[in-house]
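In: compute the structure for the input listed below.
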Amino acid sequence: MKRRTFLKKGAVVTAGTALIPAWQLLARNTTVPPEGAATTDNLYKLFKDPSAGYRPFVRWWWNGDKVKKEELSRELWLLKEAGIGGVEINPIKFPGRTDDMDIPSLPWLSDEWMDALQHTFSEAKSLGLTCDLIVGSGWPFGAEYLEGEERAQIVLIGTRRLEGKIDFEASLFDLMKEADPAVTSPYARRKMEVLSVQLVPDPFNRMDQIRDLTPQIKTGYISTTIPRGNWILYALVKIEGFLEVINGAPGANGPVLNHYDKAAVSKYLNHMSDAIRKKTGPLSTHIRALFTDSMELEGANWTGDMAAEFKKRRGYDLLPYLAFTQFKVGSMGNVFNYSYGADMGPEMKNMIQRVRYDFDLTKAELVKERFIDTFVQWCRSNGVKSRAQAYGRGYFPLEGSFEMDIPECETWIKAGIGKEMGEADPRVGRGYTMVNKYVSSAAHLKGRRLISCEELTNTDVVFNETLELMKITGDLSTISGVTHPVFHGFNYSPPDAPFPGWIRYGCYLNEKNNLWPYFRHFTDYKARISALLQQGDQFADMAVLTPLADMWSQYGAQNEPFPSFFYPNHLSLIWEVIHQNGHACDYIAEPVIVDAEIKEGKLCYGPRTYHTLFLIQVESMEPATARKLQAFVENGGRVFCLDTLPSKSLGWKDYKQRDGEVQAAVEKMMQQPGRLVLLKKPEKEFIKWYKDIQAKYNITPYVQISQPDPFVTQVRYQMKDAEVLLFINSSLDNAHPIEIVPAESIVAGRQAWIWNAENGERYKLEDPRRISLDLGPADAVILVFDNNKKGQPWKPKPVAAGELAIEDWAVEFCHLDGSVKKTNMKVPKDLKDIPEWVSFTGTVTYRSQFQVADKTKIGFLHLEKVYGISMLSVNGKPLGLQWYGRHIYPLGGAVQNGLNTVEIKVVTTMGNYMKTLKDNGIAQYWTNEKRKDQPIQSMGLAGAVTIS
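Out: Residues are numbered from 1 along each chain as shown. Modelled structure (predicted):
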């Protein structure tokens, strides 16, 4: 099947104006409510009090499947009370270094396991919680019962560098050992076979230089005389069942499934659903979706008919070239040596790169047809939704999500978030992974509003995650296009498990975490954002085409969402600076361009229309793509090409003719003045670079931003009667005041409001056409433009510290272990810098007094810096809680003339303390060992406490 043909099959799901979660529309096959149902009053009511379907879900790890019904019930209730709306049931291998308390495992799909599953379904339903269920266990999924061709396969190379003249001999075992990849989880019973052995000169310039030693394979040895000069011996090796399920639970471990084998995929999926249905009845009565985790297949690239399928689709034989398309790979299928084989002359290199692209394309097509389509149809046949992270190595990162009812990406808590947003390494500080923009764009192109995300995945700062850090990470996720999070995650952990409990992965979402009693503040915040954004469509009138095909050709497919490198390194910076400068864009792919219509100078695909395209270092494309771009330019569209103009076609067969077609289309585009523009990538200051492009080419943003900054960005959503702008500041430390001027299309005839996702309140703004925003650290502001006119005016808190400073604090330390100690401080100081308290964890209470002569002149209390969650009481009256950003408290009527008492509580993180628990293997693994050796963290109240 051609890559472009299957794109037309993904039906556009129109969520219309529904005010119920998008997944519920899909699950019920519900028709969209009539126009007008979604008034802005209803929209605000939904925002203020979101229903459970909009609330965050959690990945619920059933650690080792050592589960009991009473504990399953207790944990569901615990999650419900914390503001969680649903669970993804996820059986997984029991974590190491952990006391299992002699609790037996319930093997996957056993009668006992399904009893626990049925109990969970019933309990969740009684609590109003939604259930999703992962396919299999761990990743990629598989099982012990898989046999032969049903197991994942890989073809790769082992090489020997040889200098002649010498007599050479090697056993097949030696060659197979050289080829055997250092995968994350090798399967002990893998079966290896040498397919070919070829000797080539180094450098290697022509196919007729190959000396084929393949006939010697049957002898078990390779023996030959190496001529004078430098030579490379290539052994092409196939491994059947090379990979075991990573972290598979009992009964669902064993070899990984062959995703290229439709019969094996169908057998596996039906085995699971048939077994569960016999116990629980139809899956559709219990679960929303069946879920597939990211397809991290560690380089799996083969199946029994791969060579035949390649010839049928590409028009020539693969096997003569296959060995030379491969690199040396290791863990996760990542290439660790691009110079492993022979150096190639220009013509040879060009040929091999084109064959490499054809091979990757063929693999991706087979994954789509044999795994993705089979999975989606299986979900539909069971009356449930398909939810998947439809990416990995060698699949289409954009079109892979087209077929999914609930496409999903992932956002991680990483060291550096809130501190850096540099250009040298676009991964640092972002949180969202490189696939997020692909996945959300795919959903936009298909008209889907529910965009799921594995969110808060954390292996870097376990026990040091704060609600503030979670918020910044979640806000970045929202900017990347996410409209619903599945938190990663919640560990099944009995309350009497030894401290800190059973932990497969972080975040440490657990009742033993200091922050757990306050976690509801964050889930309420996230629920309101999801409820609002799922009612609209993210706006974009520009599109970005990435050089995926060039990367596949030159370097092979990468492991998404964590490629070995970005191609090019600045790829994600382009979409970021577009948003930072008041525009918005989608990623697109070549088949989208080819299948699009051109109307009035716009490229139109499904519900999306684009007036401008950016091609990021795209050298190669299909001739049909070039011709469609030509038509777009000739009809008034504009194409910016970064660093290079397209000049080559894709693939090997008839490439010279097809190269000429691409070049001819580009030449015709160049005849349209100012419509095809070649841009040079800046060395730095990408924000300024894009701002200059806006000015030079008269590209007017929908919102002008006075002081663009890497930490400040935005998205726009459109509803029937409202426009929404969401601005975030992802800096932990610095405020960013900006002035914005929204386009007339946003503000005309509408009132501007600030909707507060923390508490659900809304406030009127005086002038919708010019709005000043003082974005504090970790801040986010939702601006809604609608037809409502009545409401309370916005009164921002004063951000400047007051002149009256409160000193002489009595400080009480209530430790997590129950101990209580006391000290005194003139001015609160970061506990990290006080040896006696650097390893504290728990709640710190600061008490003092202050005099007031005229209480009418006192309005706010300012905390200079808080590391944690703060709570304030004045004269015994609680005045609230702050969990991120500026900790500024309105004092209301709590202050009296004369003497006043003040009490400030700060809840700290746990990491510094966990580092000291040398006999606790879990604590040491997450805070002190190898790459998880975390630095000492700041804690408590630091700096001046003032009143204004």
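
In: now the nearest residue to V439 once chain neighbours are set aside: phi and psi?
Out: Once flanking residues are discounted, V439 sits nearest to C409: 4.0 Å by Cβ to Cβ, 6 or more residues apart in numbering. (C-beta placed from N, C-alpha, C; glycine too.) Dihedral angles of C409 (phi, psi; degrees, to the nearest 10) stand at phi -120, psi -160.

In: could you say what helices and strands the helix or strand hosting K267 packs with?
Out: Using DSSP states H and E, K267 sits in helix 262-280. On a contact count with 3 or more Cβ pairs under 8 Å, 6 or more residues apart in numbering; DSSP states H and E, helix 262-280 meets helix 111-127, helix 373-381.

In: and the longest one, what does it pack onto?
Out: For helix 111-127, the elements it packs on are helix 69-81, strand 86-92, strand 130-134, helix 262-280, judged by 3+ Cβ pairs under 8 Å, 6+ apart.

In: from what I see, the residue nearest to V439 and S441 are in contact.
Out: No. Between C409 and S441 there is no contact under Cβ atoms under 8 Å: 10.4 Å.

In: which of the two has more residues huddled nearby?
Out: C409 (32 against 29; other Cβ atoms under 10 Å).

In: and the more buried one, how far is that from G85?
Out: According to Cβ to Cβ, to the nearest Å, C409 and G85 sit 19 Å apart.

In: tell me the phi and psi of the closest residue to M421 other than its chain neighbours?
Out: In space, and not counting its chain neighbours, M421 is closest to P710: 3.7 Å by Cβ to Cβ, 6+ apart. When read as degrees, to the nearest 10, the backbone of P710 gives phi -60, psi -30.

In: can you get me a residue count around P710?
Out: 19.

In: the one 10 residues further on too?
Out: Applying other Cβ under 10 Å, we find 15 residues neighbouring K720.

In: assign it to helix, strand or coil.
Out: Here K720 is coil, with the state taken from DSSP: H, G, I helix; E, B strand; the rest coil.

In: what's the helix or strand for K437?
Out: Per DSSP H and E: helix 435-445 holds K437.

In: packing partners for that helix?
Out: Judged by 3+ Cβ pairs under 8 Å, 6+ apart, helix 435-445 is in contact with strand 406-413, strand 537-538, strand 585-588.

In: report the rounded mean pLDDT for the longest one.
Out: Which is strand 406-413. Averaged across strand 406-413, pLDDT comes to 98.

In: and the angle from that strand to helix 435-445?
Out: Put simply, strand 406-413 runs at 150 degrees to helix 435-445, going by axes from the mean of the first three to the mean of the last three Cα atoms, to 10 degrees.

In: got the CA coordinates for strand 406-413 in CSV?
Out: Extracted in CSV, the C-alpha atoms of strand 406-413 (Å, rounded to 0.1, in the frame of the first residue of the first chain):
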residue,chain,number,x,y,z
ILE,A,406,-7.2,8.6,21.4
PRO,A,407,-3.7,9.5,20.2
GLU,A,408,-1.2,9.8,22.9
CYS,A,409,2.3,11.4,23.4
GLU,A,410,4.5,11.8,26.4
THR,A,411,5.9,14.6,28.6
TRP,A,412,8.6,14.0,31.2
ILE,A,413,9.8,15.8,34.3
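
In: just name whatever secondary elements it is in contact with.
Out: strand 385-388, helix 435-445, strand 452-458, helix 467-479, strand 484-491.

In: give me that answer again for 10 Å
Out: helix 22-28, strand 289-292, strand 385-388, helix 435-445, strand 452-458, helix 467-479, strand 484-491 (3 or more Cβ pairs under 10 Å, 6 or more residues apart in numbering; DSSP states H and E).

In: how far does that strand sit from the chain's center?
Out: The chain centre lies 3 Å from the centre of strand 406-413; the measure is Cα atoms, centre = their mean, to the nearest Å.

In: isn't Q751 up against W794?
Out: No. Taking contacts as Cβ atoms under 10 Å, Q751 lies outside contact range of W794: 11.6 Å.

In: quick one: contacts for K832?
Out: V838, S839, F840, Y867, N912, P935, I936, Q937, S938, M939, G940, A942 (Cβ atoms under 10 Å, 6 or more residues apart in numbering).

In: phi first, then psi, for it.
Out: phi -60, psi -30.

In: any idea how many residues pack against the residue lying closest to it once chain neighbours are set aside?
Out: Sequence neighbours aside, S938 is the residue nearest to K832 in space, at 4.8 Å (criterion: Cβ to Cβ, 6+ apart). Each residue near S938 was counted by other Cβ under 10 Å, and the total is 17.

In: can you pull out the strands in the stretch 251-400 of the chain?
Out: 289-292, 328-329, 335-337, 385-388 (DSSP state E, counting those that start in this stretch).

In: and if you look at the stretch 601-750 of the chain?
Out: 602-605, 608-610, 612-616, 638-642, 676-679, 703-705, 712-718, 723-729, 736-742.

In: helices or strands next to the first one in the packing?
Out: Helices and strands touching strand 602-605, as assessed by 3+ Cβ pairs under 10 Å, 6+ apart, comprise strand 585-588, helix 590-595, strand 597-599, strand 608-610, strand 612-616, helix 623-634.

In: winner for burial among these?
Out: strand 585-588 (a mean of 26; mean count of other Cβ atoms under 10 Å).

In: what average pLDDT does that strand get?
Out: Computed over strand 585-588, the mean pLDDT rounds to 98.

In: endpoints of stretch 683-702, how far apart?
Out: Stretch 683-702 has an end-to-end distance of 27 Å (criterion: Cα to Cα, to the nearest Å).

In: quick one: distance of it to the chain centre.
Out: For stretch 683-702, the distance to the chain centre is 27 Å (Cα atoms, centre = their mean).

In: how about that stretch: buried residues?
Out: By neighbour count with 16 or more other Cβ atoms under 10 Å, stretch 683-702 contains the buried residues F686, I687, W689, Y690, K691, I693, Q694, I699, P701, Y702.

In: just stretch 99-115 next, same as before
Out: In stretch 99-115, counting by 16+ other Cβ under 10 Å, buried: I103, S105, L106, P107, W108, L109, W113, M114.

In: measure H444 to T700 for me?
Out: From H444 to T700 the distance is 21 Å (Cβ to Cβ).

In: nearest to S730 among the helices and strands packed on strand 406-413 would be which one?
Out: Set against S730 and scored by Cβ to Cβ, the helices and strands packed on strand 406-413 come closest in helix 467-479, at 5.1 Å.

In: just the buried positions in the closest one, please.
Out: Buried residues in helix 467-479, counted by 16+ other Cβ under 10 Å: 467-479.

In: the residue lying closest to I904 once chain neighbours are set aside: which element?
Out: Spatial nearest neighbour of I904, excluding adjacent residues (Cβ to Cβ, 6+ apart): Y846 at 4.5 Å. For Y846, the host element (DSSP H and E) is strand 842-852.

In: partners of that strand in the sheet?
Out: As defined by DSSP bridges, the strand partners of strand 842-852 come to strand 809-815 (antiparallel), strand 898-907 (antiparallel).

In: this completes my enquiry, with thanks.
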